[in-house]
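Novice: Make a model of this:
(chains A and B)
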Protein chains: 2
Amino acid sequence: MRLTVESINPNVRRAQYAVRGELAVKSEEFRARLAKGGDSGLPFKQVVSANIGNPQQLDQKPITFFRQVCSLLENPDLLKKRDVLVDGLGYKPDVIERAEWLLRQVGSVGAYSASNGVPAIRESIAAFLERRDGFPADAKHIYLSAGASSGVNTLLNVICADKSTGILVPIPQYPLYTASLSLLNATCVPYYLDESRAWGTDLATIKKAYEAAKADGVDVRCIVIINPGNPTGASLPEEDIRAVLDFAGREGLVVMADEVYQTNVFVGKFHSFKSVLRTMQRESPGRYDAMELASLHSISKGMVGECGHRGGYFELVGFDPDVEAEVYKFVSIMLCAPVIGQCLVELMVNPPKPGDASYELYKREYSAIYDGLRHRADALHKAFSRMEGVECAEPQGAMYLFPTIRMPRKAVEAAEAEGRSADEFYCLALLEATGICVIPGSGFGQADGTLHFRTTFLAPGTEWVDRIVDYHKGFMDKYR
Amino acid sequence: MRLTVESINPNVRRAQYAVRGELAVKSEEFRARLAKGGDSGLPFKQVVSANIGNPQQLDQKPITFFRQVCSLLENPDLLKKRDVLVDGLGYKPDVIERAEWLLRQVGSVGAYSASNGVPAIRESIAAFLERRDGFPADAKHIYLSAGASSGVNTLLNVICADKSTGILVPIPQYPLYTASLSLLNATCVPYYLDESRAWGTDLATIKKAYEAAKADGVDVRCIVIINPGNPTGASLPEEDIRAVLDFAGREGLVVMADEVYQTNVFVGKFHSFKSVLRTMQRESPGRYDAMELASLHSISKGMVGECGHRGGYFELVGFDPDVEAEVYKFVSIMLCAPVIGQCLVELMVNPPKPGDASYELYKREYSAIYDGLRHRADALHKAFSRMEGVECAEPQGAMYLFPTIRMPRKAVEAAEAEGRSADEFYCLALLEATGICVIPGSGFGQADGTLHFRTTFLAPGTEWVDRIVDYHKGFMDKYR
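Specialist: Residues are numbered from 1 along each chain as shown, chains lettered A, B, ... in the order given. Down below sits the predicted model:
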């Protein structure tokens, strides 16, 4: 008996993950063809990977301070040549001090750490959370992870008991959530975000989804929020967060706050679920004490953009200690998060401060990345506003725009004839015509009868944006 | 409703992972108490973590060539100062060339790679496998992973369809296997290794376990082999591998060969499952063509010992392409293995060669680590041979010894009175008396009525070995 698609784990078979699906694979084939040189037979000279939030694959340069420290962590022998570091390579004293401190904490970045992460790094994260939120944080409840994805995987594994467990997931969503729930054979309870309110959360919609699932016998245990949003880019106002927390408190739901884009906020201010929860607990003593919150962060996004290093963490608030022991056991089976990634988490949450030797450069690099993202987001948004049948909310945060497209009926029919959804058809044709890879809205989920695509605004320049505009015009003309 | 141990995922609750269990946690508490200084109240001055194969936490220094390259990958700006690197820091030209080449392949180590790993690194692994085995290897079937653990997790997730799926697992085993099967709620079909034959595989035992499971309605799909063995340290002779492959071929089982200790071999020679399979296929054309083999390797062990970097890979042989597509989808959900870990895999499989500028140092460091491991294994083995009631096979490979202990009846009763197994009781008392952390055999599985413990032979010096001898004498005297 050989393994076949029919005989393998049906949960794996059913899982879908469009971010790295057919279009991504095809775009890599195009890239390889172009790299070979000669006549590629393709109508473009370059592939633009706007399908995935992979900052350093595109324009984003790593932050110098972070990488200087990492170079010393990888080769501690360099610390024996301090004069060469300082005079020959221009390493500042705070780079050297931080590397020495981290090495004292980890021993070697080639050694396993404690399963939940290096204790001193967890302390440093706790201190950051206290500064960010103005409320205490305890290193004991912080778990380092290999990117936020691995944290989500851990939490869903622990929370989902069986098929009857339901998890409220926003639609559209980053498909890690639906894919993980498929793998666990648990029940995804979708709730739609409100496109008319810049993709905010609508409590009535959440309640309806929750009640319907409950009526179906689903044991709904948790609500996932992605803030700032992926793929929507939405940045939630405090009142939306309050409403979600209050609802979760009433219904006894775990709140899972995916906050990996917390520094990518262009409009308003980022409100962490932790700070809002603690504020509500202070305002209404006793009322929200039993609430359970898991919040996740990562080095992959923001101005750090170190996704290839696979670093992140989650904080648990209000969990039963025995349940936390099970979380600990679960993470221990995979031993520990990559230690150099853990060190990058420490650098992210504790960057150079005013007065530190590396501060000016850090500040300049950080701001340049932020401004560049914002500039490109605006350029893209402007382009979308010129495109017939396309509407797109103002860029608020994260790394994505998620425009809606209204397509001519003939285009929908042409898609159907190929056995594809119309948005997939549109995105595939865009890739084949321009080399630009975006992801159809169906990969994230969207309200019936609507069509979208997600694009990052990471790719350098704006020339590619014009190519989208041109392509769109041709597409509309062809199928009008 | 708050989450409780009773309401969470029962598969997580049931999973056991002794390598980082109670004893490991307790040893870390002791370490923290000692680090505080002052009177710890403990009868020892140092904790010796002989519970886990974590080379760089103990004596093992990372290989200089590897870490020099990594320092350049982390900070490519250094490559602009070639003269400082060469004259000031003593970096050899092959270090610089390799870093430049890897950077061309990965772009930035902070960027996501392809889900299955950087293409050029997969090519390099394929070339290594061809040199090692004398048979072709194809990069297309190689998948980079975050250590071998993550590879095992991927493979078991794909192979295990439901509770009825059975996986033949050696006992004693590295508990990753039983823990992963618990998480998947699939069936572990244990087969006992033959302690009387230096922990070799005994085909009659395997067949018996297989037939019994089949008779129980279990759909046995796969046999796991750990070679060299963990926790046993056994290095399988070619005839054992042939017998396993022939059996798996007859019964249509996937063979999963965990070969992470392939360079830690002291007796005889390492035979890869791939090379033996290809040899059998050549000898008996057609007969073994349908066989499926997955073999795993890692940067965590051997003379590399870079477990904190979480790097590894697996090669699939003979899998259905549609099943491979599902493997690809599964790994894509967690995005990619840490990229610096992938680079370390490349360095491991393609180290400096004779004539390269870094070769002499590499060779010297590599041999010193190998000789040191061997020396300490022998010292430990000799100590065990002096201990009453302890028997231990000659060290053959891996990083472990797994002695058997015969304990006085009074000790077994004292353990029972505490609600512990006798080996756990013994190891806990050892930790409390000496600070030495080893793992009871029950954490790996052992034949009924036998007692063992696993110790690594990584800790520096041999003074701690004498402490075990003294403790053991006292223990035996106390309970005689």
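Novice: use CA for all of it now, contacts and neighbours both
Specialist: Noted.
Novice: which residues of chain A score low on pLDDT?
Specialist: Residue ranges of chain A with pLDDT under 70: A:1, A:19-20.
Novice: which residue ranges form the strands in it?
Specialist: Taking DSSP state E as the criterion, chain A carries its strands at A:48-49, A:142-145, A:165-171, A:187-192, A:219-226, A:254-258, A:293-298, A:312-317, A:390-391, A:400-401, A:404-405, A:436-437, A:439-440, A:453-456.
Novice: out of the ones you listed, which comes closest to A:Ala209?
Specialist: A:Ala209 lies closest to strand A:187-192 among the strands of chain A, at 5.8 Å (Cα to Cα).
Novice: picking up where we left off before, in CSV: the strands of chain A, plus distance to chain B and mean neighbour count.
Specialist: Shown next, in CSV, are the strands of chain A (distance: least, Cα to the nearest Cα, whole Å; neighbours: other Cα atoms under 10 Å in any protein chain shown):
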stretch, distance to chain B, mean neighbour count
strand A:48-49, 12, 21
strand A:142-145, 12, 29
strand A:165-171, 9, 25
strand A:187-192, 14, 23
strand A:219-226, 8, 23
strand A:254-258, 8, 25
strand A:293-298, 11, 26
strand A:312-317, 12, 25
strand A:390-391, 30, 17
strand A:400-401, 17, 28
strand A:404-405, 25, 21
strand A:436-437, 15, 25
strand A:439-440, 15, 28
strand A:453-456, 15, 26
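Novice: How many neighbouring residues does the closest residue to A:Ser7 other than its chain neighbours have?
Specialist: Nearest non-adjacent residue to A:Ser7, counting by Cα to Cα, 6 or more residues apart in numbering or on different chains: B:Ala161, 6.9 Å away. Residue crowding around B:Ala161 was assessed by other Cα atoms under 10 Å in any protein chain shown; the count is 22.
Novice: repeat for A:Phe247
Specialist: Residues near A:Phe247, counting by other Cα under 10 Å, number 16.
Novice: Distance of A:Tyr143 relative to B:His309?
Specialist: Remark: distance between A:Tyr143 and B:His309 (Cα to Cα, to the nearest Å) = 17 Å.
Novice: How about A:Pro119?
Specialist: Noted for A:Pro119: a distance of 18 Å to B:His309, by Cα to Cα.
Novice: Next to chain B, which bits of the stretch 301-450 of chain A? Give me the list.
Specialist: Contact residues (Cα under 8 Å from any Cα of the partner chain) of the stretch 301-450 of chain A with chain B: A:305-310, A:319-320, A:322-323, A:326, A:329-330, A:332-334, A:336-340.
Novice: isn't A:Met407 right up against A:Met476?
Specialist: Yes: counting by Cα atoms under 8 Å, A:Met476 is a contact partner of A:Met407 at 7.4 Å.
Novice: Between those two, tell me which one has more neighbours.
Specialist: Taking neighbours as other Cα under 10 Å, A:Met407 and A:Met476 compare with A:Met407 leading, 20 against 17.
Novice: Leaving out the residues flanking it, which one is nearest to that one?
Specialist: Excluding the flanking residues, the one nearest A:Met407 by Cα to Cα, 6+ apart is A:Gly389, at 6.9 Å.
Novice: ok, now which ones touch the one you found?
Specialist: A:Gly389 sits next to A:405-407 when contact means Cα atoms under 8 Å, 6 or more residues apart in numbering or on different chains.
Novice: Same check on A:Leu458?
Specialist: Taking Cα under 8 Å, 6+ apart, we find A:Leu458 in contact with A:50, A:53-55, A:58-60, A:373, A:376, A:399.
Novice: quick one, phi/psi of it?
Specialist: phi -100, psi -30 (degrees, to the nearest 10).
Novice: any idea how far chain B is from it?
Specialist: 13 Å (Cα to the nearest Cα, to the nearest Å).
Novice: wait, A:Asn227 sits on A:Pro237?
Specialist: No: between A:Asn227 and A:Pro237 there is no contact under Cα under 8 Å: 9.8 Å.
Novice: okay, those two: which has more neighbours?
Specialist: A:Asn227 (27 against 16).
Novice: Quick one: residues contacting that one.
Specialist: Neighbours of A:Asn227 in contact, by Cα under 8 Å, 6+ apart: A:234-236, A:257-262.
Novice: hang on, the earlier thing: reformat the contacts of A:Gly389 as TSV; add distance to A:Val69.
Specialist: Output for the contacts of A:Gly389, formatted as TSV (distance: Cα to Cα, whole Å):
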residue	distance to A:Val69
A:Ile405	45
A:Arg406	49
A:Met407	50
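Novice: Distance check, A:Pro302 against A:Phe402.
Specialist: You called it Pro, but residue A:302 is Gly. Distance from A:Gly302 to A:Phe402, by Cα to Cα: 18 Å.
Novice: what residues are up against A:Thr232?
Specialist: If you count contacts by Cα under 8 Å, 6+ apart, then A:Thr232 has A:172, A:199, A:400-402, A:454 around it.
Novice: of all the residues you listed, which two lie farthest apart?
Specialist: Applying Cα to Cα across those, the maximum distance is between A:Trp199 and A:Arg454, 13.6 Å.
Novice: Can you give me the separation between the residue in the stretch 101-250 of chain A that chain B sits nearest to and B:Ala379?
Specialist: As assessed by Cα to the nearest Cα, chain B sits closest to A:Ala161 within the stretch 101-250 of chain A, at 3.7 Å. According to Cα to Cα, A:Ala161 stands 48 Å off from B:Ala379.
Novice: same thing with A:Cys336?
Specialist: 31 Å.
Novice: who has more neighbours, those two?
Specialist: A:Cys336 (25 against 17).
Novice: my guess is the more buried one contacts A:Gly110, does it?
Specialist: No: A:Cys336 lies out of contact with A:Gly110 (Cα under 8 Å); the separation is 11.5 Å.
Novice: Overlap of the contact sets of the two?
Specialist: In terms of Cα under 8 Å, 6+ apart, A:Cys336 and A:Gly110 are both contacted by the residues B:Gly308.
Novice: Separate out the buried members of the residues of the stretch 301-450 of chain A next to chain B.
Specialist: A:305-310, A:319, A:323, A:326, A:329-330, A:332-334, A:336-340 (16 or more other Cα atoms under 10 Å in any protein chain shown).
Novice: Which of those residues fall in helices?
Specialist: Taking DSSP state H as the definition of helices, those contribute A:323, A:326, A:329-330, A:332-333, A:339-340.
Novice: Let me have those in CSV, extended by distance to B:Gly134.
Specialist: Formatted as CSV, those follow (distance: Cα to Cα, whole Å):
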residue, distance to B:Gly134
A:Val323, 50
A:Glu326, 45
A:Lys329, 41
A:Phe330, 40
A:Ser332, 37
A:Ile333, 35
A:Val339, 35
A:Ile340, 35
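Novice: Identify the farthest-apart pair in these.
Specialist: Pairwise distances across these peak at 28.0 Å for A:Val323 and A:Ile340 (criterion: Cα to Cα).
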